[in-house]
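Enquirer: Would you be able to build a 3D model of this:
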Amino acid sequence: MNQYLAKSSGQTIAEHTQDLLANFQLLKEIYPSIRVNWDLLYLACCYHDLGKMNLAFQNKLLPNGKRDPKEIPHGLLSTAFIPVKSLKKIYSKVELRVLAHAVAFHHVRNFSTISEEDLEEQVGKMKIEAENFSCDFIEEIQVKILSKKYVTFENCIYGEVNQEEADSYLMVKGLLNRIDYAASGGIVVEQPNDFLLADMNQLLEKWQTRTEAKWNELQLFMLEHQNENVVVVAQTGEGKTEAGLLWLGNNKGFFTLPLRTAINAIYTRLKEEVFTENFTQKIGLLHSETYGQYLAMEGNSNETEEYYTRTKQMTLPLTICTIDQLFDLVFRYDGFEAKLATLLSN
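Expert: Okay, here's the model as predicted:
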């Protein structure tokens, strides 16, 4: 048997993992300079859901299946598949701790009620199931409880003094979450920005059919200083929006304003004047009433649902948003790593 399920939809663990690996490759191709350990992220994608092989999880996905109160979260069980003995010949203890923690805690679950005996029992049963599992992304399946020097029932990465380890964990775990969410939602983890400067030039050409338009001093300055941090103060009507987009160029960006009404107006203007083709692949609107705004503008359809999902998962090249949609991460809520890793990637 190799049909162990990952989703109630009938998607198998192997199929879901292949979707993750496809998104991993896409992310790496679009943003190869992200400061993440790509090897650890790849391994985390491979191992993150193998713990779903356990029978309690599989039975839960059956028609009329029920949750076993003794079920151990699959993230923790998945760490038993990490072949530390062979990997420690390549990776340091710190790197293996990052990998193990990213897999164990990729979903926030409470491990405090789990006993060592329960874990040993469940891993023992899962070892039997693993004998029937094979896949293209792992050469040899091994099942063994990891030593506590790699992972425990408590996520202690942030509580220790090794900042390098914490930073690496944040990026691996955050990008694993993004890739996993994308695969689960049936969307790509990133849409490439290979259009913005061309669209801006088309906008200028359209203006030039009516007047002798050209980029002003501010806009040219921003265009020429794309690789620098810039603070600009300018009056209303000076073309700050266009200047900001020229500074962004063909990169991923977030355009923030404090008021929803202002954001709605900027979004509407840009999608109608600048991104006139395939705007749902280019620009998104993100604030507390995004879904209602999309329904009002686009109607209720599968396309609207997918567009909303892409927006919430920050896969689009340009997001027009209120600042609270980005910087709520300062409160370090459960799962904040995905958003922070996105911002640190650009």
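
Enquirer: So Leu20 sits against Ile179, correct?
Expert: Yes. Here Leu20 reaches Ile179: they are 5.3 Å apart, a contact under CB atoms under 8 Å. For every residue, glycine as well, the C-beta is placed using N, CA and C.

Enquirer: Residue nearest the middle of this structure, spatially speaking?
Expert: Closest to where the C-alpha atoms of the chain average out (CA atoms, centre = their mean) is Arg178, at 1.5 Å.

Enquirer: residues in contact with it?
Expert: Leu27, Val189, Gln313, Met314, Ala338, Ala341, Thr342 (CB atoms under 8 Å, 6 or more residues apart in numbering).

Enquirer: what's the overlap in contacts for Leu20 and Ile179?
Expert: Counting by CB under 8 Å, 6+ apart, the residues touching both Leu20 and Ile179 are Cys45.

Enquirer: Comparing the two, which shows the higher neighbour count?
Expert: Neighbour count, other CB atoms under 10 Å: between Leu20 and Ile179, Ile179 has more, with 26 against 23.

Enquirer: Nearest spatial neighbour of the more buried one, chain-adjacent residues omitted?
Expert: Once flanking residues are discounted, Ile179 sits nearest to Asn23: 4.7 Å by CB to CB, 6 or more residues apart in numbering.

Enquirer: Give me the buried positions along the helix or strand containing the one you found.
Expert: Following DSSP states H and E, one finds Asn23 within helix 13-30. Using 16 or more other CB atoms under 10 Å as the test for burial, helix 13-30 gives 13-24, 26-28, 30.

Enquirer: what's Glu238 in contact with, if anything?
Expert: By CB under 8 Å, 6+ apart, the neighbours of Glu238 are Asn216, Leu218.

Enquirer: In a strand, it, correct?
Expert: No. Checked against DSSP: H, G, I helix; E, B strand; the rest coil, Glu238 lies outside a strand; its state is coil.

Enquirer: Could you find the closest non-adjacent residue to Phe153?
Expert: Among residues not flanking Phe153 along the chain, Phe111 sits closest, at 4.0 Å (CB to CB, 6+ apart).

Enquirer: brain fart, Ala22
Expert: Nearest residue to Ala22 in three dimensions, chain neighbours excluded: Ala183, at 7.9 Å (CB to CB, 6+ apart).

Enquirer: Quick check: the one you found vs Ala102, distance?
Expert: 16 Å (CB to CB, to the nearest Å).

Enquirer: Which residue of these two possesses the greater neighbour count?
Expert: Neighbour count, other CB under 10 Å: between Ala183 and Ala102, Ala102 has more, with 31 against 26.

Enquirer: got TSV for the contacts of Arg178, with secondary structure, pLDDT and distance to Asp68 too?
Expert: Output for the contacts of Arg178, formatted as TSV (DSSP: H, G, I helix; E, B strand; the rest coil; pLDDT from 0 to 100; distance: CB to CB, whole Å):
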residue	secondary structure	pLDDT	distance to Asp68
Leu27	helix	97	35
Val189	coil	98	32
Gln313	coil	96	31
Met314	coil	96	35
Ala338	helix	96	29
Ala341	helix	96	33
Thr342	helix	96	35
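
Enquirer: Make a markdown table from those residues and add distance to Gly174 to it.
Expert: Below are the contacts of Arg178 laid out as a markdown table (distance: CB to CB, whole Å):
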| residue | distance to Gly174 |
| --- | --- |
| Leu27 | 12 |
| Val189 | 12 |
| Gln313 | 12 |
| Met314 | 11 |
| Ala338 | 5 |
| Ala341 | 3 |
| Thr342 | 7 |
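
Enquirer: so what does the helix or strand where Thr261 lies touch, helix or strand wise?
Expert: Here Thr261 sits within helix 260-273, counting by DSSP H and E. The contact analysis (3 or more CB pairs under 8 Å, 6 or more residues apart in numbering; DSSP states H and E) places helix 260-273 against helix 240-248, strand 283-286, strand 318-321.

Enquirer: and the angle for it with helix 240-248?
Expert: Angle between the axes of helix 260-273 and helix 240-248 is 70 degrees (criterion: axes from the mean of the first three to the mean of the last three CA atoms, to 10 degrees).

Enquirer: Quick one: distance of helix 260-273 to the chain centre.
Expert: On the basis of CA atoms, centre = their mean, to the nearest Å, helix 260-273 is displaced by 25 Å from the centre of the chain it belongs to.

Enquirer: repeat for stretch 215-223
Expert: 33 Å.

Enquirer: again with stretch 250-258
Expert: With CA atoms, centre = their mean as the basis, stretch 250-258 stands 17 Å off its chain's centre.

Enquirer: what's the burial count for the closest residue to Lys93 other than its chain neighbours?
Expert: Leaving aside its chain neighbours, Lys93 sits nearest to Lys149 (7.0 Å; criterion: CB to CB, 6+ apart). Neighbour count for Lys149, taken as other CB under 10 Å: 11.

Enquirer: any low-confidence regions in the stretch 1-150 of the chain?
Expert: Applying pLDDT under 70 to the stretch 1-150 of the chain picks out residues 1-2.

Enquirer: Can you list the residue ranges for helices in it?
Expert: 13-30, 38-47, 55-60, 74-78, 84-87, 93-104, 116-130 (DSSP state H, counting those that start in this stretch).

Enquirer: Of all the ones you listed, which one is nearest Thr236?
Expert: Thr236 sits nearest to helix 13-30 of all these, at 35.1 Å, using CB to CB.

Enquirer: List the contacts of that closest one.
Expert: Contacts for helix 13-30 (CB under 8 Å, 6+ apart): 2, 4-7, 34, 38, 41-42, 45-46, 48-50, 52-53, 133, 135-137, 175, 178-180, 182-184, 188-190, 192.
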